[in-house]
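J.: just the structure for this:
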Amino acid sequence: MGTMKAVQISKRNGPLELVERNIPEPGRGQVRIRVEACGVCHGEVVALEGHHPDMQYPRIPGHEVIGVIDQIGDDVHGWSQGERVGVGWNGGHDETTGLTLDGGYAQYMIAYADGLARIPEGLSAVDAAPLMCAGVTTFGALKHSSARAGDLVVIQGIGGLGHLAIQYARKAGFHTVAVSRGRDKEELALKLGAHRYIDAQSEDAAKVLQEMGGAKLILATAPNGQAIADLFNGLGANGEMVVVAGSGDAMPLSPVQLLNGRRSVRGWTAGQAKDSEETISFSVLSDIRPMIETFPLERANEAFERMMSAKVRFRAVLTM
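T.: Prediction:
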């Protein structure tokens, strides 16, 4: 059996360590993937800090995986060696990639066949990787919202999630407004497809949105509870706020704010393999791509630190 390079977490709150490990063998219902690229996501914090109840160490993180099927286990049907595939949070068989199953910070990984998404030719591995989490999360939140073409849809935050959400919202036919603090991201927001940019630092964004008729949907992509709450009153009647950014800080909202106009707030996370395929298909059809910085596997620590400090524009991707 050969060996491979991998980056693992050896213990709770431990560092990311570059190691040599045996190349894994697929079991029943599984395939082995030769990893080409893996996105670096804030969700890796769950693995690092051991928040999942079934977390065991050492664990290889990474749940934005793109690669090629290298070997097929028993009882796997409908997949062939050499097929391009992607794996997101859902690793199949009720397993979670990078948490209960080793993920994509490695040259090879194992995934269950029911967790695989097909990746079309013509979409590079590094462009596809962030779509397996950031893409499917924002696309799914918009698709499953109550907003319809022509409705006023607001994207709060222009980062790893928000820069994709703006593109999806515009291409889906929404009246797209981007909200962030300061003017430094205005030009980019408009270039990505926003019809209008609101600087929440110099303007009362909620008031501006009410003057525009009130938002049907506010998609909160920046992990700041207070900033999200400040924008809530920009919703119109029967409007909804969907939160996709993980944050441990409080999001202060009063019951009166919910009752006024029968407005609502809920969360949304990444979906199943079929949701990833829908996201990929729409992205290819609409020519939507993430803005990325690439790092070799050996620089995983640097990539993770730049992502956590919001220095990456806008998604970090490891290449093998």
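J.: number of nearby residues for Pro58?
T.: Counted with other C-beta atoms under 10 Å, residues neighbouring Pro58 total 14. The way it works is simple: take the backbone N, C-alpha and C, and place the C-beta from them, glycine included.
J.: wait, Ala206
T.: Residues near Ala206, counting by other C-beta under 10 Å, number 22.
J.: can I assume it sits in a strand?
T.: No. Applying DSSP: H, G, I helix; E, B strand; the rest coil, one finds Ala206 to be helix, outside a strand.
J.: could you report the pLDDT at it?
T.: Ala206 carries a pLDDT value of 98.
J.: can you pull the contacts of the closest residue to Ser10 other than its chain neighbours?
T.: Using C-beta to C-beta, 6 or more residues apart in numbering and skipping the chain neighbours, the partner closest in space to Ser10 is Pro58 (4.7 Å). Pro58 makes contact with Gln8, Ile9, Ser10, Lys11 under the criterion C-beta atoms under 8 Å, 6 or more residues apart in numbering.
J.: please name the bridge partners of the second one.
T.: It stands for Ile9. For Ile9, the beta-bridge partners under DSSP bridges are Leu16, Arg59.
J.: isn't it up against Glu49?
T.: No. Assessed by C-beta atoms under 8 Å, Ile9 is found out of contact with Glu49, at 9.7 Å.
J.: where do the strands sit along the stretch 51-200 of the chain?
T.: Remark: strands assigned in the stretch 51-200 of the chain by DSSP state E, counting those that start in this stretch are 65-72, 84-87, 108-112, 117-118, 152-156, 175-180, 196-199.
J.: nearest to Ile218, out of those strands?
T.: Closest to Ile218 of these is strand 152-156 (C-beta to C-beta; 4.4 Å).
J.: and the angle from the closest one to strand 175-180?
T.: Interaxial angle of strand 152-156 relative to strand 175-180 (axes from the mean of the first three to the mean of the last three C-alpha atoms, to 10 degrees): 20 degrees.
J.: do me a favour and average the pLDDT over strand 152-156.
T.: Here the average pLDDT along strand 152-156 is 98.
J.: following the lengthiest strand in the chain, which helix or strand comes up?
T.: If you go by DSSP state E, the chain has its longest strand at strand 30-40. For strand 30-40, the following helix or strand on the C-terminal side (DSSP states H and E) is helix 44-49.
J.: for that following helix, which positions count as buried?
T.: Glu44, Val46, Ala47, Leu48 (16 or more other C-beta atoms under 10 Å).
J.: closest one to Arg266 out of the residues you listed, please.
T.: Val46 (20.2 Å).
J.: what's near enough to touch the closest one?
T.: Shown in contact with Val46 (C-beta under 8 Å, 6+ apart): His52, Leu99.
J.: and it, what's its pLDDT?
T.: In this prediction, Val46 carries a pLDDT score of 93.
J.: how far away is it from Val40?
T.: From Val46 across to Val40, the span is 14 Å (C-beta to C-beta, to the nearest Å).
J.: looking at the contacts of Pro58, which is nearest Lys171?
T.: Using C-beta to C-beta, the contacts of Pro58 come closest to Lys171 at Ile9, 36.9 Å.
J.: helices of the stretch 51-200 of the chain, residue ranges please.
T.: Secondary structure of the stretch 51-200 of the chain by DSSP state H, counting those that start in this stretch: the helices cover 125-128, 134-143, 162-171, 186-192.
J.: what comes into contact with the last one?
T.: In this case it means helix 186-192. With C-beta under 8 Å, 6+ apart as the contact definition, helix 186-192 has outside contacts at Ile158, His163, Ile166, Gln167, Arg170, Ala178, Ser180, Tyr197, Asp199.
J.: repeat that for 10 Å
T.: Identification of contacts with helix 186-192 by C-beta atoms under 10 Å, 6 or more residues apart in numbering yields 155, 158, 162-167, 169-170, 176-180, 185, 194-199, 288, 291, 313-314.
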